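Visitor: No sequence on hand, only this structure:
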């Protein structure tokens, strides 16, 4: 089946630890995105990548890092510098071009205690 | 940076009533997309508008894109309980990024 997969669905970490969220797609999409969702604040763009080995900061990149070594993978690391990491994280991908829809993964709910 | 504002934040209606959510961008958009997120789920694409003044319909849903390509609306006629969820607009200025509005959470009382 083609799709975009995020794992795990739920993740718990202790404060001060870095944690990496996985996002894999087999849709052959060039563009990939990471969003953070908090109640009442919609989807905020963390990072996006249009092509392998290239990525751009979104609106709330501080405390996060990404890599795009392979077309199908776009992992997000939540570092200890992120002040409020507990949130629902959504990964998305889309074909090239401005007029293409985004396909979302199921999301990872990260809880930092 | 690009800002996409969406109102209202919440809307509670009686089944059968109409519902509208509005989206405004601080900059001209190349297109606007609408997504629906069911409770506990992830956003799913509904539709895309590209042309100035464009209007599209999907059954009871009507989508509009403003003449200046800065605003958009989604109107649902005669809501049903299956319409429950959060509706997001997303605007693109170019190929490189996609910004979402805060979403409108719709609840429908049977």
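Guide: Received it, and whenever you're ready, just let me know what you need. Please read all numbers here as calculations on a predicted model, not as lab measurements. Numbering: from 1, shown residues only, chains lettered A, B, ... in the order given.
Visitor: Low-confidence stretches in chain A?
Guide: Scanning chain A with the threshold set as pLDDT under 70 gives A:1-2, A:40.
Visitor: Near chain B, which residues of it are found?
Guide: Residues of chain A lying close to chain B (C-beta under 8 Å from any C-beta of the partner chain) are A:31, A:33, A:35, A:40-45, A:48, A:50, A:56, A:58-59, A:90, A:92, A:94, A:96-99, A:101-107. For glycine as for every other residue, the C-beta is placed from the backbone atoms N, C-alpha and C.
Visitor: if I look at the closest residue to residue B:68 other than its chain neighbours, how far off is residue B:70?
Guide: Of all residues not flanking residue B:68 in the chain, residue B:28 sits nearest, at 6.7 Å (C-beta to C-beta, 6 or more residues apart in numbering or on different chains). Using C-beta to C-beta, to the nearest Å, we find residue B:28 at a distance of 6 Å from residue B:70.
Visitor: out of the two, which sits in the busier spot?
Guide: It is residue B:70, of residue B:28 and residue B:70, that has more neighbours when counted by other C-beta atoms under 10 Å in any protein chain shown, with 18 against 13.
Visitor: isn't the more buried one right up against residue B:24?
Guide: Yes - the pair residue B:70 and residue B:24 passes the contact test of C-beta atoms under 8 Å, sitting 6.4 Å apart.
Visitor: other SSEs contacting the helix or strand hosting residue A:93?
Guide: Counting by DSSP states H and E, the element that carries residue A:93 is strand A:87-94. Applying 3 or more C-beta pairs under 8 Å, 6 or more residues apart in numbering or on different chains; DSSP states H and E, one finds that strand A:87-94 makes contact with strand A:4-7, strand A:19-25, strand A:31-37, strand A:76-78, strand A:103-104, strand A:108-112.
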